[in-house]
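Student: A predicted structure for the sequence below; I have some questions about it.
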Amino acid sequence: MVERPPYDPITLFRSAASRWPERVALSCSGTTFTYRQLDRWSDAIANKLIVEGHGTRIAFVAEKRPESYAAILGILKSGRAYVPLGPDTPPARWEEMIMKAEVRSVIGGSVTRDGLRHVDVPMVDDEIATVLDLGLRTDEAYVLFTSGSTGGPKGVSVSRANVAAYLGHSLATYAFSENDRFTQFFALTFDLSVHDLFLCWASGACLCVPDAHAALRASAFVREHGISVWFSVPSVVTVMQRMRSLTNNALPSLRYAFFCGEALSWPLVQAFREAAPGSRIMNLYGPTEATIAITAYEVFGDVSSMLGIVPIGVPFTGSSVRIEDEELLLGGPQVASGYVNDGALTDHAFVQRSGGRWYRTGDRVRIHDDGLLHFHGRMDEQVKVLGHRVEPAEVDAVITSLLNGGSSATVPVTGPTSTRLVTFIDVAMEAEPLLERCRAKLPAYMVPERIIALPALPLNPHGKVDRKQLISIANDV
């Protein structure tokens, strides 16, 4: 058996449930659950998994329903790891994920596979005995699948110790309380959701789960639920701007606003600050392989004249960064063990250097004169245009600075003989004047061939810009 680390997510939840049993822990699907109710419900799930002898990894269909949150707690309480399956993911991809993670049991869904057992979730009001505590069967907390460069999904194995390191740093850095109310915009297949759940539940606060249309009415959601702690990708704020709901003082209840998962522009920060004048704004950075986020930058001072992209800041206490040939490497207690059943990919991405083991992010990062880390795009998104190397993110940084708060996404479109750049923007601006301004800032080979205005940039299920769809649009226009 494995010893629980300090700041273990279940230890923190149980402590909160013991201290605040009658406070609301979860508001979801029009129903609320107290810490006592959620604790007992997840105990029942844990008991079932222990008594029935299921394997060390339990998959579940990650719909945003109360059962899913109880399942996450129950799986972790049983000493096992959870493997979330996206509810909109094709069944064939589910099967591939289940196979790669060697999952033997699944909660919910209709996936069938030889040897796969289905687990029925007990009802919330079932009478149960105290949960059987047989210790941790594994230090693994979850396996999350991300897109692989070869086309298939790759499963990142994240340990409870990795999660505990993130929670320990965040709880020491930010003053959350039992009176806070947290957003839960992120899909449960996205590791940023772990921030939502366990920082909330470690604090005795309430996790508020919006419906599927939350991004279209996020301002109203904040006001209706008295949200005090916000966490989202920047694209959610862009949608709010487009809906004209990000008005001055529209979000007066916010104390904290965290952003992660995409580059955050200064004009977007300024707009959000005007809507939430009482909030501290943090830009976080970190890949799944480094457990949620591993660097941070807090916004201070007047940013009204700032253009371009917000820095990703400095590493968390106890974590380390190094830069090799402009690529960012990450080290420390949050770095995951690797990819499940893929030793070759693990050996390529996780390397030994002086000072220990490091994860190669594939992100181009530089330390500027301000001493902060600044993101300059992906190493593997680099393309050649007329023999010149071009980072689309660098083009976006210039164009975004010209959009008065709008967003841009530049994609490479490869033809029979050449690669060309096409930029999409989400504001109504004439392309030619914008291109002329680009020509004043960029070498000729970096100026996009076309700039196309869309009502909104398409997003993938995790709320990030869907670049594959943009390439498809560019090819059809």
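Tutor: Structure received.

Student: helices or strands up against the lengthiest strand in the chain?
Tutor: For the chain, the strand that runs over the most residues, judged by DSSP state E, is strand 356-367. Using 3 or more C-beta pairs under 8 Å, 6 or more residues apart in numbering; DSSP states H and E as the contact criterion, the elements in contact with strand 356-367 are strand 320-324, strand 327-331, helix 343-349, strand 350-353, strand 373-378. For the C-beta atoms, the positions are set from N, CA and C on the backbone; glycine is no exception.

Student: Pull the distance from that strand to the chain's centre.
Tutor: Relative to its chain's centre, strand 356-367 lies at 18 Å (C-alpha atoms, centre = their mean, to the nearest Å).

Student: Make 41 the first number, not 1, from now on.
Tutor: Sure, I'll start counting at 41 from here, so that last one is strand 396-407.

Student: before we move on, back to that, nearest to Arg284, out of the helices and strands packed on strand 396-407?
Tutor: Set against Arg284 and scored by C-beta to C-beta, the helices and strands packed on strand 396-407 come closest in strand 413-418, at 29.2 Å.

Student: Which positions within the closest one qualify as buried?
Tutor: By 16 or more other C-beta atoms under 10 Å, the buried positions in strand 413-418 come out as Leu413, His414, Phe415, His416, Gly417.

Student: Could you list which residues are in contact with the residue lying closest to Arg507 once chain neighbours are set aside?
Tutor: Leaving aside its chain neighbours, Arg507 sits nearest to Val451 (5.4 Å; criterion: C-beta to C-beta, 6 or more residues apart in numbering). Contact partners of Val451, counting by C-beta atoms under 8 Å, 6 or more residues apart in numbering, are Pro432, Leu461, Val462, Thr463, Phe464, Arg507, Leu510, Ile511, Ala514.

Student: just Arg54 next, same as before
Tutor: For Arg54, the set of contacting residues under the criterion of C-beta under 8 Å, 6+ apart consists of Asp79.

Student: so it sits in a helix?
Tutor: Yes. Applying DSSP: H, G, I helix; E, B strand; the rest coil, one finds Arg54 inside a helix.

Student: What does the pLDDT read for it?
Tutor: The confidence metric pLDDT takes the value 96 at Arg54.

Student: Write the ChimeraX selection for whichever of the contacts of Val451 are buried.
Tutor: To isolate the buried subset of the contacts of Val451 in ChimeraX, counting by 16+ other C-beta under 10 Å, use the following:
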select :432,461,462,463,464,507,510,514
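
Student: Just the ones in helices from the contacts of Val451, please.
Tutor: For these, membership in helices holds for Pro432, Arg507, Leu510, Ile511, Ala514, with DSSP state H as the criterion.

Student: wait, the first one sits on Lys424?
Tutor: This points to Pro432. No. No contact is recorded between Pro432 and Lys424 when judged using C-beta atoms under 8 Å, the distance being 12.0 Å.

Student: where does the stretch 41-190 of the chain have low pLDDT?
Tutor: Scanning the stretch 41-190 of the chain for pLDDT under 70 picks out 41-42, 150-155, 165-176, 187-190.

Student: mind listing the strands in it by residue range?
Tutor: Remark: strands assigned in the stretch 41-190 of the chain by DSSP state E, counting those that start in this stretch are 64-68, 71-74, 97-101, 121-125, 145-147, 157-159, 180-187.

Student: Reformat those strands as a markdown table; add distance to Ile349.
Tutor: Written out in a markdown table, the entries for those read as follows (distance: least, C-beta to C-beta, whole Å):
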| stretch | distance to Ile349 |
| --- | --- |
| strand 64-68 | 34 |
| strand 71-74 | 39 |
| strand 97-101 | 36 |
| strand 121-125 | 30 |
| strand 145-147 | 40 |
| strand 157-159 | 44 |
| strand 180-187 | 23 |
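
Student: who wins for proximity to Ala336 among the ones you listed?
Tutor: If you check each of the strands of the stretch 41-190 of the chain against Ala336 by C-beta to C-beta, strand 180-187 wins as the nearest, at 20.9 Å.

Student: Could you pull up the residues touching Glu434?
Tutor: When contacts are counted by C-beta under 8 Å, 6+ apart, Glu434 touches His416, Gly417, Met486.

Student: Throw these into JSON lines and include distance to Cys248, thanks.
Tutor: Supplementary listing: those in JSON lines, determined by distance: C-beta to C-beta, whole Å:
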{"residue": "His416", "distance to Cys248": "35"}
{"residue": "Gly417", "distance to Cys248": "34"}
{"residue": "Met486", "distance to Cys248": "43"}
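
Student: Save the residues you listed as CSV, and put in pLDDT and distance to Leu211 too.
Tutor: Below are the contacts of Glu434 laid out as CSV (pLDDT from 0 to 100; distance: C-beta to C-beta, whole Å):
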residue, pLDDT, distance to Leu211
His416, 90, 31
Gly417, 83, 32
Met486, 85, 44
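
Student: Which single one of the residues you listed is nearest to Ser69?
Tutor: Comparing the contacts of Glu434 against Ser69 with C-beta to C-beta places Gly417 closest, at 39.3 Å.

Student: pLDDT wise, what is the residue nearest to the closest one when sequence neighbours are not counted at?
Tutor: For Gly417, the nearest residue in space outside its immediate sequence neighbours is Ala433; the separation is 2.8 Å by C-beta to C-beta, 6+ apart. Looking at Ala433, its pLDDT reads 84.

Student: so Ala433 makes contact with His416?
Tutor: Yes. Taking C-beta under 8 Å as the contact criterion, Ala433 and His416 are neighbours in contact, 6.4 Å apart.

Student: buried ones in whichever helix in the chain runs longest?
Tutor: Counting by DSSP H, the longest helix found in the chain is helix 75-92. Along helix 75-92, the positions that meet the burial threshold by neighbour count (16+ other C-beta under 10 Å) are 75, 77-90.

Student: returning to what we had before: now the host helix or strand of the residue nearest to Arg507: buried residues?
Tutor: Counting by DSSP states H and E, the element that carries Val451 is strand 448-454. Buried residues in strand 448-454, defined by neighbour count with 16+ other C-beta under 10 Å: Ser448, Ala449, Thr450, Val451, Pro452, Val453.

Student: now, among the residues you listed, which is nearest to Phe226?
Tutor: Each of the buried residues of strand 448-454 was checked against Phe226 using C-beta to C-beta; the closest is Ala449, at 20.3 Å.

Student: Kindly format the C-alpha coordinates of stretch 48-58 as CSV.
Tutor: Coordinates of each C-alpha in stretch 48-58 appear next as CSV, following Å, rounded to 0.1, in the frame of the first residue of the first chain:
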residue,chain,number,x,y,z
ASP,A,48,-3.6,14.7,-0.5
PRO,A,49,-6.9,15.7,-2.2
ILE,A,50,-9.0,13.2,-0.2
THR,A,51,-7.4,14.1,3.1
LEU,A,52,-8.2,17.7,2.4
PHE,A,53,-11.8,16.9,1.4
ARG,A,54,-12.4,14.7,4.5
SER,A,55,-11.0,17.4,6.7
ALA,A,56,-13.4,20.0,5.2
ALA,A,57,-16.4,17.5,5.5
SER,A,58,-15.6,17.0,9.2
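
Student: No further queries at this time; thank you.
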